[in-house]
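Trainee: Got a predicted model here, sequence first, then my questions.
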Amino acid sequence: DAGVIQSPRHEVTEMGQEVTLRCKPISGHDYLFWYRQTMMRGLELLIYFNNNVPIDDSGMPEDRFSAKMPNASFSTLKIQPSEPRDSAVYFCASSSKAGSRWDGYTFGSGTRLTVV
Amino acid sequence: GDSVTQMEGPVTLSEEAFLTINCTYTATGYPSLFWYVQYPGEGLQLLLKATKADDKGSNKGFEATYRKETTSFHLEKGSVQVSDSAVYFCALVSGGSNYKLTFGKGTLLTVNP
């Protein structure tokens, strides 16, 4: 399995522009999570999905952030308009529970976003 | 709510030194506990886990024991290598149907030759 695939790996954009981050989870995983990592705040859970349905979006910073999961193999995180304080590494992770066994998450390599 | 507290870093050791990174938690019910490792420029990888009290998780020479009485899950390694330099995260998930991981802030480990 190729693991969780995120694109792009790096994104540099100007303030006010729209940014779209993409994630392909591991096939068969039914949970998908979006995290943001910064030096100041560490890892923050933004939103997670179960079977393509958003379950908890309480971590989404504000209305400028939105996430979708149109099918089991694809999710997007969109920031519109972007601001310099959105600069961070954004991680996608996926997970599956098989019976009583649960191995935690598999993370993607992240997208490093810089808003100038 | 659930929370994880890790010792503050950074931790700097010489090769072959003994490593301990402390982790304590607060959770409802009986959580499962995890250690994740993040190498520079990469995502987090599962290092080890324990799902019930007194379980010992181990991998790549690292160990951690689930201590319910002290609500702790300290990470240890007897002899660290330069290649162990990374950020280590302690995490938990509460029991039941909530699969949301709660992470500690991470501890940066640097191992010098």
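Mentor: Looks like it arrived, so ask away.
Trainee: Need the per-residue pLDDT for whatever residue of chain A ends up closest to chain B.
Mentor: When CB to the nearest CB is the measure, chain A has its nearest residue to chain B at A:Phe107, with 3.5 Å between them. To be clear about C-beta, it is placed using only N, CA and C from the backbone, and glycine gets the same treatment. On the pLDDT scale, A:Phe107 is placed at 92.
Trainee: OK, contacts around the nearest residue to it once chain neighbours are set aside?
Mentor: Spatial nearest neighbour of A:Phe107, excluding adjacent residues (CB to CB, 6 or more residues apart in numbering or on different chains): B:Gly43 at 3.5 Å. Residues touching B:Gly43, when contacts are defined by CB atoms under 8 Å, 6 or more residues apart in numbering or on different chains, comprise A:4, A:91, A:93, A:107-110.
Trainee: Closest one of these to B:Glu8?
Mentor: A:Phe91 (22.3 Å; CB to CB).
Trainee: can you tell me how far that closest one sits from B:Arg67?
Mentor: Relative to B:Arg67, A:Phe91 is positioned 29 Å away (CB to CB, to the nearest Å).
Trainee: For the two, work out which one has more neighbours and name it.
Mentor: Relative neighbour count places A:Phe91 above the other of A:Phe91 and B:Arg67, with 26 against 16, counting by other CB atoms under 10 Å in any protein chain shown.
Trainee: pretty sure that one contacts A:Gln37?
Mentor: Yes: the pair A:Phe91 and A:Gln37 qualifies as a contact (CB atoms under 8 Å) at a distance of 6.4 Å.
Trainee: which residues are in contact with both of the two?
Mentor: When contacts are counted by CB under 8 Å, 6+ apart, A:Phe91 and A:Gln37 are jointly contacted by A:43, A:110.
Trainee: Who are the contact partners of B:Val78?
Mentor: No Val there; residue B:78 is Gly. B:18, B:61.
Trainee: repeat that for 6 Å
Mentor: Contact analysis of B:Gly78 by CB atoms under 6 Å, 6 or more residues apart in numbering or on different chains lists B:Phe18.
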